[in-house]
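# Sequence and predicted structure, then a few things I'm wondering about:
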Amino acid sequence: TPRVLSGIQPTADSFHLGNYLGALRQWVALQDDHQAFYCVVDLHAITVEHSPEALRRRTKVAAAQLIAMGVDPERSTLFLQSHVPEHAELAWVLSCLTGYGEAGRMTQFKDKSAKQGLAAASVGLFTYPILMAADILLYSPEPGEGRVLRVPVGDDQSQHLELTRDLGGRFNHRFGETFVLPEAYIPQGAARIRDLQEPTVKMSKSASSPQGIVELLEEPGPLRKKIMRSVTDTGTEIRYDEESKPGVTNLLRIYSALDGASVAELERRYTGQGYGQLKKDLAQLVLDTFTPIKERTERLLGDEKQLDRILADGAARAGAVAARTMEVVRERVGFVGRG
Ligand code: TYM
């Protein structure tokens, strides 16, 4: 069976609609016919200044939301990155294979560091994509005919996936076939959900205003309001047009991803109707999807013991795979074994 691996940062009190449509929904779908490894990347979450208390809370909420969404801890290995120290160890080895200039070309680092000022950015933020490469390559199946490692992500991660493939390929070339090169698994249509207030930029935990972002754990009232107040465009026609109607286009994309109807079908369905009707129906669609997830998340957070057990079990399973990969890596790189 092919493998799937993905990760998400616990950097907010709730996941958002972009995370859900761009990535998490695919996590759930892929576990049916893949051997799945899903990871809450708490090491990544400290690359920017953070509060330890908030990190602890958000990490648990993140795990609970994933289970609530349908990640099945029996079938899939769900774990915390910091529980498997091999992630940091492989990241070190890979960082020694990464060119300084190569790392400097990562656009997400450029964006994030520009925001806080380059001098204030941590070295961890700079090497972040290398840790991500380690997250992925650790779960590489043994190389061979037809071996596959899929990584469901939104399209903001595709450059990091390219780097991962480059580093995996470089390691293989220097030290012998070790890693299967991962394939990005990016959904059509929902690869980049936009901010509701600024529909030309992506919806983002770190950059969006609260009004621009739809949270999974949000109360129904405020959620409806946000969608009703989302920025639309001049004119009245409900039509997909990235250039001149980015707001309506974003809403149509979200609608289509949740409803299953194609954008063309939706344009037909809403002919002659106003933006208000579209927004009202969309808000209901989002609530129908999120409400049960929110309720299950709250129930799971009520039983911390059970959550801890699930994560301990996931750490043991992930750790066994990671340990095997690292043994091969250490040997290939030339480290002397402990005997
Ligand atoms: P993160 O935590 O920022 O986001 C989690 C996932 O959500 C996707 N996403 C979006 N998709 C569509 N539209 C949006 N507006 C949107 N915003 C976020 C992201 O693409 C991502 O798939 N570096 C990663 C975490 C990571 C990882 C990994 C992912 C660490 N190690 C290994 C895969 C494999 C990140 O910061 O995602």
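In hand now; what should we look at?

# residue ranges for the helices of the stretch 1-150 of the chain, please.
For the stretch 1-150 of the chain, the helices defined by DSSP state H, counting those that start in this stretch cover 17-19, 25-30, 52-69, 86-95, 100-104, 107-116, 123-137.

# TSV for those, including mean neighbour count?
Every C-beta, even on glycine, is put in place using the N, C-alpha and C of the backbone. What follows is the helices of the stretch 1-150 of the chain, written out as TSV (neighbours: other Cβ atoms under 10 Å):
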stretch	mean neighbour count
helix 17-19	24
helix 25-30	20
helix 52-69	19
helix 86-95	19
helix 100-104	11
helix 107-116	14
helix 123-137	22
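
# Can the worst-scoring helix or strand of the chain on mean pLDDT be said to contact the ligand?
Within the chain, no helix or strand scores below helix 107-116, which has a mean of 90 by mean pLDDT, DSSP states H and E. No: contact of helix 107-116 with the ligand (Cβ under 6 Å from any ligand atom) is absent, the minimum separation being 7.8 Å.

# closest one to residue 284 among the helices of the stretch 1-150 of the chain?
Across the helices of the stretch 1-150 of the chain, residue 284 has its closest neighbour in helix 17-19 (14.2 Å, Cβ to Cβ).

# and residue 47, what pLDDT?
You'll see residue 47 listed with a pLDDT of 96.

# Over to the one 5 residues further on?
In this model, residue 52 is scored at 98, pLDDT.

# Could you pick out the residues of this structure near the ligand for me?
Remark: the part of the chain in contact with the ligand comprises 5-9, 18-19, 22-23, 41, 44, 132, 135-136, 151, 153-154, 156-157, 160, 191-193, 202-204, using Cβ under 6 Å from any ligand atom.

# out of the residues you listed, which are inside strands?
Among these, the members falling in strands (DSSP state E) are 5, 6, 7, 8, 151.

# which one of the residues you listed sits closest to residue 332?
residue 5 (20.7 Å).

# Bridging across strands, which residues link to the closest one?
residue 37 (DSSP bridges).

# Can you tell me how far it is from residue 76?
Residue 5 sits at a distance of 10 Å from residue 76 (criterion: Cβ to Cβ, to the nearest Å).

# what's the nearest residue to residue 205 if we skip its chain neighbours?
residue 12 (4.4 Å; Cβ to Cβ, 6 or more residues apart in numbering).

# And for that neighbour, the neighbour number?
20 (other Cβ atoms under 10 Å).

# Where does pLDDT dip in the stretch 1-150 of the chain?
Under the criterion pLDDT under 70, no range of the stretch 1-150 of the chain is flagged.

# Can you give me the neighbour number for the residue of it found nearest the ligand?
For the stretch 1-150 of the chain, the residue closest to the ligand is residue 22, as judged by Cβ to the nearest ligand atom, at 1.9 Å. Close neighbours of residue 22, defined as other Cβ under 10 Å, add up to 25.

# Residue 50: how many residues sit nearby?
Residue 50 has 14 nearby residues by other Cβ under 10 Å.

# With adjacent residues omitted, what lies nearest to the residue of the stretch 1-150 of the chain closest to the ligand?
Using Cβ to Cβ, 6+ apart, the nearest residue to residue 22 is residue 154, at 3.0 Å.

# Report the contact partners of the one you found.
Applying Cβ atoms under 8 Å, 6 or more residues apart in numbering, we find residue 154 in contact with 18, 19, 22, 23, 186, 187, 190, 191, 192, 193, 202.

# cool, and residue 253?
189, 190, 193, 263.

# Would you enumerate the residues in contact with the second one?
The reference is to residue 190. 21, 22, 154, 253, 254, 257.

# Of all pairs in those residues, which one is the farthest apart?
Greatest spacing in these, by Cβ to Cβ: 154 and 254 (13.3 Å).

# any residues in contact with both of the two?
Common neighbours of residue 154 and residue 254 (Cβ under 8 Å, 6+ apart) are 190, 193.

# Just the CA trace of stretch 183-193, in CSV.
Output of stretch 183-193 as CSV, limited to C-alpha atoms (Å, rounded to 0.1, in the frame of the first residue of the first chain):
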residue,chain,number,x,y,z
GLU,A,183,4.6,13.6,-4.3
ALA,A,184,2.6,16.6,-3.4
TYR,A,185,-1.1,15.8,-3.4
ILE,A,186,-2.8,19.2,-4.0
PRO,A,187,-6.6,19.5,-4.5
GLN,A,188,-7.9,21.1,-7.6
GLY,A,189,-10.0,24.3,-6.9
ALA,A,190,-9.4,24.4,-3.1
ALA,A,191,-5.6,24.5,-3.2
ARG,A,192,-5.6,28.1,-2.1
ILE,A,193,-8.6,29.4,-0.2
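
# Cool, thanks, talk later.
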